[in-house]
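need the 3D shape of this:
(chains A, B, C and D)
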There are 4 protein chains.
Amino acid sequence: MKTSFESDYNNGAHPLILQRLMETNGEASASYGFDKWSESARQKIKAACSCPEADIFFLVGGTQANATIIDGMLQTYEGVIATQTGHINVHESGAIEASGHKVITLPSHDGKMNAAELETWLKGFHADPTLEHMVIPGMVYITFPTELGSVYSAKEIEAILSVCRRYDLYLFIDGARLGYGLASSECDFDLPWLAQHCDVFYIGGTKVGALCGEAVVFPRANAPRHFMNIVKRHGALLAKSRLAGVQFDALFTDGLYFNIAKNAIDKAMQMRRLFINAGFILRSSSTNQQFVELSNTRMKELMEHVLFETWEPIDESHTLCRFVTSWATTEEDLEALKQAL
Amino acid sequence: MKTSFESDYNNGAHPLILQRLMETNGEASASYGFDKWSESARQKIKAACSCPEADIFFLVGGTQANATIIDGMLQTYEGVIATQTGHINVHESGAIEASGHKVITLPSHDGKMNAAELETWLKGFHADPTLEHMVIPGMVYITFPTELGSVYSAKEIEAILSVCRRYDLYLFIDGARLGYGLASSECDFDLPWLAQHCDVFYIGGTKVGALCGEAVVFPRANAPRHFMNIVKRHGALLAKSRLAGVQFDALFTDGLYFNIAKNAIDKAMQMRRLFINAGFILRSSSTNQQFVELSNTRMKELMEHVLFETWEPIDESHTLCRFVTSWATTEEDLEALKQAL
Amino acid sequence: MKTSFESDYNNGAHPLILQRLMETNGEASASYGFDKWSESARQKIKAACSCPEADIFFLVGGTQANATIIDGMLQTYEGVIATQTGHINVHESGAIEASGHKVITLPSHDGKMNAAELETWLKGFHADPTLEHMVIPGMVYITFPTELGSVYSAKEIEAILSVCRRYDLYLFIDGARLGYGLASSECDFDLPWLAQHCDVFYIGGTKVGALCGEAVVFPRANAPRHFMNIVKRHGALLAKSRLAGVQFDALFTDGLYFNIAKNAIDKAMQMRRLFINAGFILRSSSTNQQFVELSNTRMKELMEHVLFETWEPIDESHTLCRFVTSWATTEEDLEALKQAL
Amino acid sequence: MKTSFESDYNNGAHPLILQRLMETNGEASASYGFDKWSESARQKIKAACSCPEADIFFLVGGTQANATIIDGMLQTYEGVIATQTGHINVHESGAIEASGHKVITLPSHDGKMNAAELETWLKGFHADPTLEHMVIPGMVYITFPTELGSVYSAKEIEAILSVCRRYDLYLFIDGARLGYGLASSECDFDLPWLAQHCDVFYIGGTKVGALCGEAVVFPRANAPRHFMNIVKRHGALLAKSRLAGVQFDALFTDGLYFNIAKNAIDKAMQMRRLFINAGFILRSSSTNQQFVELSNTRMKELMEHVLFETWEPIDESHTLCRFVTSWATTEEDLEALKQAL
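Below you'll find the predicted structure:
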């Protein structure tokens, strides 16, 4: 079987998570988020975020979390501002529009939104005399790390947040791969800082070692009223909520979440060096997704030895390819890649 | 810790399912429904349903499955006909209306829809000269077994299907507890028969031994076009689809799904006899949910020993209470109930 | 040409309204609600309602007004309570559900909602432990007069409003035929009283002498934020808003709105006596819609002389028929009916 | 009172239209589109379009028509492709997204879509391996004339239609100002040709002489099934449909629609010459909207004499301004402008 660098969601759960699912399986418990493991996980996440007041909900996946949060926080007539490459704009089959909200796009700079461009756009919007005919922006959506593996600096997020505050917009940080962003050597803040610098974010589990699950955090007890009904209305309320609860309880015990991320980043950096040493050109990325430029010939050769995804064509004879690490990436995997290169 | 008869989703997964999750955890696999276990599970379900052509999708939960199926099969201006007590009408926080569809209600007869009443309603509808001002019915939704534990006979389903065919309506059977209905002594048909007598149904996993998951079956390759996009748009596409795939593969190996249901029904019937012998009045039910009339005094006494749910007030001093069995219900649990009674 | 009693919207506009459209046609004016006639009409309506603070918007038709108001005032997860016969539940092709809101139904008593039944339902709802799985009621919708021609007394509306206040629900009065209700001999309140006893209502123009138009009134400057955007988003913002503005300005000049209604009611009462004198049975109605029980033979004979609508079958040989008056109903029309009878 | 060039919807109706509303006012007629004038108007429009099979519906306004058509023709999971400057993308308060559809944007070339760019985008889309995660394009939306006053040539529309046919997309032409486009000296086709080169279009009334109304034409009896229910569900069904019927009947009697457009274009061309002669720079436009570059000083001076709209800032000291003609624009109006210049 070929070594796979296809994604961070094509392997199972981290063994410690599975072990906890086994250990707790025999106990009966409340459901729909009221089980004891969900409660315990909420306490641990509050501590990890230094947010004793936070409202925390466990959803199943990223698109679901995005759609539910955006629909829950916005008024019907409001839209959400994202970059052109933002996940909600590209890869969610219209889940945001499905609940009636326009995704307003700004340019993407290596996946990131620029605070100055955001402000310019907002100034122009508010100067427009036809405001009553337009979608009112209600939220800024950014991903951390971005879909292209880049990370915002604290200063960049502060700048965006500052614009949001001046224009009365919520700031929502999609953390489907949050752990990898925080573990990046480029990241100059931690989880408590992040929680203080947005209105809602989620801690991705699916792509960071869990079988499924995203922990949605409203850091200042600021969940929309009746948010559980909103979750249920989106088909996002787990009956056996222990499934998410036990996993997040495990992830936030003894730093497992951060350890998983750290392993993936270490392996990604080793992988990066392998490519560089072999003379390949990579896009800049300090997280667990590495984007490598391959000639189509080389790409096909490599595919015979290891699995990875094509990202987008560069030109007729070259393709940008994505190699991803996770908790499951081992030294042996890297050795296999090295041999293949 | 008190013995719980609260629900069939407050315990973990059947041990054989967890075991398979453990065994397969180390293997990398495709995602979004293309993993090998999902493929294997689809083959086994097709065999179990005698539907070699079926389109099968694994979703996470019941409300999600209902909303996605109904929205996927109906035109925007169409509504779905259900009984007054139907789950989609009562307990889904408006998830059906959230995608724009009216739930049109008919009377509930112990949870069941009556084919003659359905036909009378449809005749009246089509005789109405103001049809252009009304919601066009596009689907009939029934639950098997019903929310009240009752089961349709083959003849009753045939009658409803026959009306659906005459009026060009889809028949959708919500099988969140399908196993328990099929295992009921009152049930006079099997899974292949069911698959032949509707347009879409799902095989509930969450309430029948899995951690999560519902297998949506379009029996005659009749899934709506681009159904995966519809699923994704509803936030219902699992990234690590192996989570559902492995579980359903296990459930449809060596008859596990049916064994789980059988155990729950056996225990429910024993429980039923315990109550009857102790002089209690129960509503008629041949499935794993038993509804017992308790005086409020007796209810409080009993609650000190075992856990169960109150269903609805009967009068000022009596309450209808629900006792539910599952794969996890043991002889010891029944002994505890017996002692308590 | 046969005399028509089919509806109150099958004739043109009251001549005084058309005359004003002619007189003002040559003047250029602002659009989208900012024209001077709309402004003038708003002032006159505020005066007629004794609501100097009111927010007033002119929409085109009833279904549009209902959908826009309900969607504008409710949160996404909230539903609206109506009677089973309420227009939004029966004759709006799912326009309310189209923006995601469930219509929760209570019994209809000659078209009216009963405050005690409303309260009982709300008590039951709030006592339900599964509130997070249900549609939260956010508004009560009643029609005045009702679809069946009946009118609420001041006491009945007070009782409903009182329940709404206790349960934190908006009260919305659909006044598509408001004039006829206020002109009814049974009505024991006036427009200012009505404005004080609800959160939003509209003054129907289409069915009370205009070509189109409904004046939506939020009596206490309580329009939802950005309501114009909500109106535009519903496709309900007239570019040439003068069309509605001029008409409502005319309707609220020299009591035209009330005179139109008075004529229709006078003619309806004369019509009623004609039927009674001829030995027919009528349903109780003090407004401009009269419901007469006709044998099918008699119905066909009558249809050869005058036009009217069949409402619903009573039994195999009898039909309930609707005869409606309007501003356009004349003594000659009644004479024609008398001859036909 | 100042002469206004603010818009083509800030004046009343063409006198011949008003006259017909007067003449027909006394006649009772069916409603909801079944009145005789609507029927007559449909016949005349079919003749004018050389489309004897066409399905024709009269809606009230442009945003409503756009939202209803797009929602009626697309599947829920489909999006509509428009230019960045397309009306549905900019000025409809999210009415398209309100019914769940994403507006997918392509670059605007003076308001127009480029067929080659469209095809390139579609090729890229279909080559993407993550199709199941994306919004499927179902329709191309173009405006004729565009929001910027430009007109497509027959060749350009043929090229776009050809791409639509290859990729199985509907082509929808928003004709809110259709008459002005057809009357443009640059236009090299007529109404029957247009009707043959798209799947649906509408003939704008509101901006071309009517008080309100847009005639939606499905040229080959290809209206979506139950389109009247779809219209009603969007709150777009006029009760007194005679209001639209009489107006369109008048517009398509003796070429009134085309005469109205011709007058506006003649006046626009005269206006254009006035500006050019006075040394101003205008954007290219052969229709009734003229865009003039004004220094902010000059703009303020001019505003003291005639009314017009600012369109967008060019730089800190210059603004693009819009001057619009209509049926109501007279020689005197142009003389006033000449004096002002």
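
grab the nearest non-local neighbour of the residue of chain A most remote from its centre.
Largest separation from the mean C-alpha position in chain A: residue A:129, at 36.8 Å (Cα atoms, centre = their mean). Distance criterion Cβ to Cβ, 6 or more residues apart in numbering or on different chains; nearest residue to residue A:129, sequence neighbours excluded, is residue D:310 at 7.3 Å. The way it works is simple: take the backbone N, C-alpha and C, and place the C-beta from them, glycine included.

all helices in the stretch 201-341 of chain A, in order from the N-terminus.
For the stretch 201-341 of chain A, the helices defined by DSSP state H, counting those that start in this stretch occupy A:227-233, A:242-251, A:256-277, A:296-303, A:331-340.

any idea how far residue D:6 is from the residue nearest to residue A:129?
Applying Cβ to Cβ, to the nearest Å, the value for residue D:310 to residue D:6 is 10 Å.

skip the chain neighbours and tell me the closest residue to residue A:183.
That would be residue A:261: by Cβ to Cβ, 6+ apart, it lies 3.9 Å from residue A:183.

for stretch A:60-79, buried residues please.
If you call a residue buried by 16 or more other Cβ atoms under 10 Å in any protein chain shown, then stretch A:60-79 has these buried ones: A:60-79.

near chain D too, which of those residues?
A:76-77, A:79 (Cβ under 8 Å from any Cβ of the partner chain).

what helix or strand does the residue farthest from the centre of chain A sit in?
Here residue A:129, judged by DSSP states H and E, is contained in no helix and no strand.

average pLDDT for stretch A:56-75?
Mean pLDDT, stretch A:56-75: 98.

output that stretch as CSV, restricted to C-alpha atoms.
Extracted C-alpha coordinates of stretch A:56-75, given in CSV (Å, rounded to 0.1, in the frame of the first residue of the first chain):
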residue,chain,number,x,y,z
ILE,A,56,-19.1,26.0,23.4
PHE,A,57,-21.0,23.7,21.0
PHE,A,58,-19.7,20.5,19.3
LEU,A,59,-20.7,20.2,15.6
VAL,A,60,-19.8,17.4,13.2
GLY,A,61,-17.9,19.0,10.3
GLY,A,62,-16.5,22.2,8.9
THR,A,63,-19.1,23.1,6.3
GLN,A,64,-21.8,22.5,8.8
ALA,A,65,-20.1,24.6,11.4
ASN,A,66,-19.6,27.5,8.9
ALA,A,67,-23.2,27.4,7.7
THR,A,68,-24.6,27.2,11.2
ILE,A,69,-22.5,29.9,12.7
ILE,A,70,-22.9,32.3,9.9
ASP,A,71,-26.7,31.8,9.7
GLY,A,72,-26.9,31.9,13.5
MET,A,73,-25.1,35.2,13.9
LEU,A,74,-26.2,37.2,10.9
GLN,A,75,-29.6,38.8,10.2
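
show me the residues around residue A:62 that make contact.
Counting by Cβ atoms under 8 Å, 6 or more residues apart in numbering or on different chains, residue A:62 makes contact with A:87, A:174, A:176, A:202, A:204, A:206-207, A:214, B:239.

show the buried residues in these.
So, by 16+ other Cβ under 10 Å, the buried ones in the contacts of residue A:62 are A:87, A:174, A:176, A:202, A:204, A:206-207, A:214, B:239.

which of those residues sits closest to residue A:318?
residue A:87 (25.1 Å; Cβ to Cβ).

OK, contacts around the closest one?
With contact set as Cβ under 8 Å, 6+ apart, residue A:87 has these partners: A:62-63, A:66, A:143, A:147, A:174, A:176.

how close does it sit to residue A:291?
Distance of residue A:87 to residue A:291, computed by Cβ to Cβ: 16 Å.

residue A:16 in helix, strand or coil?
Here residue A:16 is helix, with the state taken from DSSP: H, G, I helix; E, B strand; the rest coil.

could you verify my assumption that it touches residue A:252?
No - counting by Cβ atoms under 8 Å, residue A:252 is not a contact partner of residue A:16; they are 11.6 Å apart.

neighbour count winner among these two?
Neighbours were counted for residue A:16 and for residue A:252 using other Cβ atoms under 10 Å in any protein chain shown; residue A:252 has more, 23 against 17.

pretty sure that one contacts residue A:49?
No - look at residue A:252 against residue A:49 with Cβ under 8 Å: they stay out of range, at 9.8 Å.

quick one: name the residues of chain A near chain C.
Counting by Cβ under 8 Å from any Cβ, chain A comes close to chain C at A:32, A:71-72, A:75-77, A:99-100, A:131-136, A:225-226, A:228-230, A:232-233, A:237.

using ChimeraX, define a selection of the buried residues within the residues you listed.
Only the buried entries of the residues of chain A next to chain C go into this ChimeraX selection, using 16+ other Cβ under 10 Å:
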select /A:32,71,72,75,76,77,99,100,132,133,134,135,136,226,228,229,230,232,233,237
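
in strands, which of the residues of chain A next to chain C fall?
Counting by DSSP state E, the residues of chain A next to chain C place residue A:136 in strands.

in chain A, which spans are strands?
Counting by DSSP E, the strands of chain A are A:3-4, A:55-59, A:78-83, A:103-106, A:136-143, A:170-174, A:200-204, A:214-218, A:281-282, A:289-295, A:306-307, A:309-315, A:318-324.

contact partners of the fourth one?
Taking Cβ under 8 Å, 6+ apart as the criterion, the residues outside strand A:103-106 that touch it are A:79-84, A:86, A:88-89, A:96-97, A:113-114, A:117-118, A:121, A:135, A:137, D:102.

average pLDDT for it, rounded please.
So the average pLDDT for strand A:103-106 ends up being 98.

which residues are in contact with the nearest residue to residue A:149 once chain neighbours are set aside?
Leaving aside its sequence neighbours, residue A:149 sits nearest to residue A:285 (Cβ to Cβ, 6+ apart; 3.3 Å). Contacts for residue A:285 (Cβ under 8 Å, 6+ apart) come out as A:148-150, A:268, A:272, A:291.

switch the residues you listed over to JSON lines; also include pLDDT and neighbour count.
Putting those into JSON lines (pLDDT from 0 to 100; neighbours: other Cβ atoms under 10 Å in any protein chain shown) gives the following:
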{"residue": "A:148", "pLDDT": "95", "neighbour count": "21"}
{"residue": "A:149", "pLDDT": "95", "neighbour count": "25"}
{"residue": "A:150", "pLDDT": "96", "neighbour count": "23"}
{"residue": "A:268", "pLDDT": "97", "neighbour count": "27"}
{"residue": "A:272", "pLDDT": "96", "neighbour count": "18"}
{"residue": "A:291", "pLDDT": "96", "neighbour count": "18"}
